[in-house]
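K.L.:
sequence isn't available, so here's the structure alone:
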């Protein structure tokens, strides 16, 4: 068994705009993660350490040691969370060493915040849950690298301008989290826990945080780092975590038709620093906008040339989204879109659905092996 993964806040423990977390493999330091808030303070809540450390420890097969007292109910749920990781991705069931915090009175009325990136999912959450929100939280340093000053400024401004328009508080959190933990845990598997961790650092300001769902009802059947059955388990007596918006992607875009600001600033592309108009995410969004007749109101996309772009269906969740898009295209009298959709679905059923599960298992084993070997070399 490798040395335990140990997480502890660095510093004197006072409220501050910047928090640092030291991560060790036994006595050897893996790195220091920092979180910096552009507005207000962050609090060094040990619950954040448990959320942040549980998946990397399970992935690397190391026991987890937390410095500080963790909410007793969250600590009791940790083995269940670990069990989900084990079932989904063949992680190990690990020991967790942390002190249980005694029950304490919790102040109410601290408000509700939603994580916001400007994408379809978080924009839908803002549009749908707006009346009960008091703040938007945007994380900078994950999909937009901190080294890209221009895009960092754009993303921060997006949060600030959107929050101002809806009368909410903007909370921009910069972090190097992915730089430090990526060698041991991918963002795909960690992102829900990371958002929960940030939520706990803000629990003195908010009593509930919303994490936008990236899928529809089929998300219950898809292992993912943010999941309707997983996210709420990371909560505590002081912070409730809500997985919001199990709605099809097309219907989310349709909901945004009454929100010009969100349409104007929509960002969906994971291939470039702008909406490329060619990748599967851009293709889906642009076809949906065309079906709804609102392409001109989403200037963040290139001209909607239906001869460009394409779909790459990689799982049953995206297949269900394509089925909804096909039904919408037929209902709106856009038969020209049907052949492209049918070809993509046929290609998935004919080829990818046959070999993808096996390939995913192989890829998963290789990823875990790589992360464990890397961790063991340092922890030895």
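P.N.:
Okay, I see it. All figures in this text were calculated on a predicted structure; none of them were measured in a lab.

K.L.:
skipping its backbone neighbours, what lies nearest residue 138 in space?
P.N.:
Using CB to CB, 6 or more residues apart in numbering and skipping the chain neighbours, the partner closest in space to residue 138 is residue 159 (3.7 Å). The C-beta positions use only the backbone N, C-alpha and C, and glycine is treated the same way.

K.L.:
contact partners for the one you found?
P.N.:
Contact analysis of residue 159 by CB atoms under 8 Å, 6 or more residues apart in numbering lists 116, 136-138, 170-172.

K.L.:
make JSON lines out of those residues and add neighbour count and secondary structure.
P.N.:
Converted to JSON lines, the contacts of residue 159 look like this (neighbours: other CB atoms under 10 Å; DSSP: H, G, I helix; E, B strand; the rest coil):
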{"residue": "116", "neighbour count": "27", "secondary structure": "coil"}
{"residue": "136", "neighbour count": "27", "secondary structure": "strand"}
{"residue": "137", "neighbour count": "26", "secondary structure": "strand"}
{"residue": "138", "neighbour count": "24", "secondary structure": "strand"}
{"residue": "170", "neighbour count": "21", "secondary structure": "strand"}
{"residue": "171", "neighbour count": "25", "secondary structure": "strand"}
{"residue": "172", "neighbour count": "21", "secondary structure": "strand"}
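
K.L.:
for residue 4, state which of those residues is nearest.
P.N.:
Proximity of these to residue 4 (CB to CB) peaks at residue 137, which lies at 30.4 Å.

K.L.:
from residue 88, how far off is the nearest residue to that closest one once chain neighbours are set aside?
P.N.:
Nearest residue to residue 137 in three dimensions, chain neighbours excluded: residue 171, at 4.5 Å (CB to CB, 6+ apart). Distance, residue 171 to residue 88, using CB to CB, to the nearest Å: 30 Å.

K.L.:
for residue 340, give me its contacts.
P.N.:
Residues in contact with residue 340 (CB under 8 Å, 6+ apart) are 306, 310-311.

K.L.:
who wins for most neighbours among the residues you listed?
P.N.:
Counting neighbours by other CB atoms under 10 Å, residue 311 leads the contacts of residue 340 with 22 neighbours.

K.L.:
just checking, that one touches residue 283?
P.N.:
Yes. Using CB atoms under 8 Å, residue 311 makes contact with residue 283 at a distance of 5.8 Å.

K.L.:
contacting residues for residue 127?
P.N.:
Applying CB under 8 Å, 6+ apart to residue 127 gives the contacts 255-256, 258-259, 262.
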